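Q: Got a predicted structure here, sequence first:
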Amino acid sequence: MNLHESQKIIAKDNHRFRVVNAGRRFGKSILAVEELLFVAVMRESNVAYCAPTYLQAREIAWSMLKKRVQEFDVVDINETRLEMSIVNKLGSISKITLKGWESIESMRGQAFDFLVLDEVAMYRGFKSGWEEVVRPTLTDKQGRVLFISTPKGFNFWYDLYNLESTDPDFKSFHFTAYDNPYLLRAELAKIKLQLTEDRFAQEINADFRKTEGLVYKEFNRALHVISEDIVFTPAKVFGGVDFGFTNPAAIITIKKDSDARYWVTDEWYKTGKTDAEIADYVTALRWNECYPDPESAGGIEELRRRGVNVRDVIKGKDSIRNGISVVRELFKANRLFIHASCTNLIWEMETYSYPDKKDAHNEEENPIKEGDHAVDSLRYALSMESGAVSSGQLSVFIPQEWGV
């Protein structure tokens with residue numbers, strides 16, 4: 001394989017599951033393509049590469065892979081499905097497929113010899129996708145996996161990286177951009193001047209840092225994520241609804257206890273759902289109160305037709321910033337907890353960010369409009385349930401017992 005010395009350390013390791021935490025430009029994609037080809041060429045194999053999205057899989061690896069297979073006996077290349085078949089050294093056929101994590105459900109029922117999961121820190125719902133869909137595809141053939149990513153805060157990638165301490169099948173590696181001998185050091189010096197210290201440490205040195213510009217920086221998995229079911233008689237059960245069809249619809253269920261603590265017990269996070277289907281699901285939850293996105297008049301009408309107790313969510317000047325403040329204060333006071341099963345909400349908590357600072361007034365900007373469906377749903381519910389609105393401004397009411 002055409003690898004530099006640091007890449008060879010990873011390729012020569014025999015652990016079944018290798019976790020590579022590496023900085024940008026280390027050569028992660030080259031390593032991925034070389035290993036896919038090596039397995040496919042040596043024996044009859046079904047191998048696959050997965051990026052966060054189908055488009056990224058095409059942009060990151062497809063052209064590179066097509067160029068590398070020119071020296072092999074290629075039977076078929078399917079540009080639409082991002083699939084190719086090549087003749088291996090035994091004279092039989094091996095199959096290579098590129099996929100996007102957003103369509104990971106399509107892997108159900110398949111069997112793989114080897115997988116490369118690239119940019120894993122960007123995957124939505126990684127834990128459930130890995131455990132319920134991907135891991136079973138490796139059982140029949142005792143398949144192996146190469147996990148690759150640059151860190152993004154202390155999310156599930158951090159947990160995966162540390163799994164080697166408890167699971168002997170896992171081995172973790174840490175490399176920086178400086179470990180790529182083909183990168184000019186002068187170029188890295190320029191990048192260092194352009195990035196903040198934290199961003200340079202994360203993106204180039206692959207250090208685990210809090211995501212720069214993180215909105216909910218008070219959120220802490222160790223404090224605010226619970227894995228056990230908390231049994232109590234809630235003072236109120238309510239929730240928020242963020243409608244969506246192409247983008248995910250996010251429905252968050254919250255239980256409030258007698259001590260004014262809030263427990264997020266369940267999430268519903270799905271694409272391709274109509275307003276009527278969303279309303280049917282919310283109706284079955286039997287909430288005391290429902291706080292939907294006010295910009296979806298059709299969705300709200302569907303809820304009201306079913307007798308759901310729809311409460312107004314006020315959108316106006318500073319409503320987003322003030323709503324975020326409510327959620328942040330709850331985290332600060334340790335009065336807001338999220339069940340571990342709410343993987344999409346937790347993912348958004350750890351990635352929802354403000355835009356890069358351009359000037360001293362940047363703090364007044366709203367967060368970037370991506371990866372915000374579940375956090376918006378949570379904000380609608382908590383800001384309206386615990387706040388009061390007057391003159392278009394959100395006046396936050398925080399009970400004294402919260403200790404804020």
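A: Received the coordinates, thanks. These figures come from a predicted structure and were not determined experimentally.
Q: switch to C-alpha atoms for all contacts and neighbour counts from now on
A: OK.
Q: any weak-confidence spans in the stretch 1-150 of the chain?
A: Counting by pLDDT under 70, the stretch 1-150 of the chain has low-confidence residues at 1.
Q: chain center to stretch 227-246: distance?
A: Here stretch 227-246 is found 20 Å from its chain centre; the criterion is Cα atoms, centre = their mean, to the nearest Å.
Q: So which bits of that stretch are buried?
A: Neighbour counts over stretch 227-246 (16 or more other Cα atoms under 10 Å) mark P234, K236, V237, F238, G239, G240, V241, D242, F243, G244 as buried.
Q: Return the distance of the nearest residue to the first one once chain neighbours are set aside relative to Y182.
A: So the one you mean is P234. Spatial nearest neighbour of P234, chain neighbours left out: D257 (4.8 Å); criterion: Cα to Cα, 6 or more residues apart in numbering. Look at D257 and Y182: by Cα to Cα, to the nearest Å, they are 58 Å apart.
Q: Check L195 too.
A: For L195, the distance to Y182 equals 21 Å [Cα to Cα].
Q: For this protein, which segments are assigned as helices?
A: 5-12, 28-42, 54-57, 63-68, 126-128, 156-161, 185-194, 197-203, 221-224, 275-285, 297-305, 319-332, 343-349, 373-385 (DSSP state H).
Q: Give me the contacts around the last one.
A: Residues from elsewhere that reach helix 373-385, judged by Cα atoms under 8 Å, 6 or more residues apart in numbering: 238-242, 248-252, 269, 290-293, 312-314, 322-324, 326-327, 344-345, 348-349, 396.
Q: That one versus helix 319-332: what angle between them?
A: 90 degrees (axes from the mean of the first three to the mean of the last three Cα atoms, to 10 degrees).
Q: As JSON lines, the buried residues of stretch 227-246 with distance to R144 would be great.
A: Output for the buried residues of stretch 227-246, formatted as JSON lines (distance: Cα to Cα, whole Å):
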{"residue": "P234", "distance to R144": "45"}
{"residue": "K236", "distance to R144": "47"}
{"residue": "V237", "distance to R144": "44"}
{"residue": "F238", "distance to R144": "43"}
{"residue": "G239", "distance to R144": "41"}
{"residue": "G240", "distance to R144": "40"}
{"residue": "V241", "distance to R144": "39"}
{"residue": "D242", "distance to R144": "38"}
{"residue": "F243", "distance to R144": "39"}
{"residue": "G244", "distance to R144": "36"}
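Q: Run through the bridge partners of F17.
A: Counting by DSSP bridges, F17 is bridged to V145, F170.
Q: I'd assumed I148 was in contact with it.
A: No: assessed by Cα atoms under 8 Å, F17 is found out of contact with I148, at 10.8 Å.
Q: quick one, which of the two is more surrounded?
A: Higher neighbour count among F17 and I148: I148, with 26 against 21, using other Cα atoms under 10 Å.
Q: gap between that one and A48?
A: For I148, the distance to A48 equals 14 Å [Cα to Cα].
Q: try S128
A: S128 sits 19 Å away from A48, taking Cα to Cα as the criterion.
Q: Between the two, which is the more surrounded one?
A: Ranked by neighbour count (other Cα under 10 Å), S128 and A48 place A48 first, with 23 against 13.
Q: got a list of what the more buried one touches?
A: Taking Cα under 8 Å, 6+ apart, we find A48 in contact with L36, I96, T97, L98, K99, F112, F114, L115, V116.
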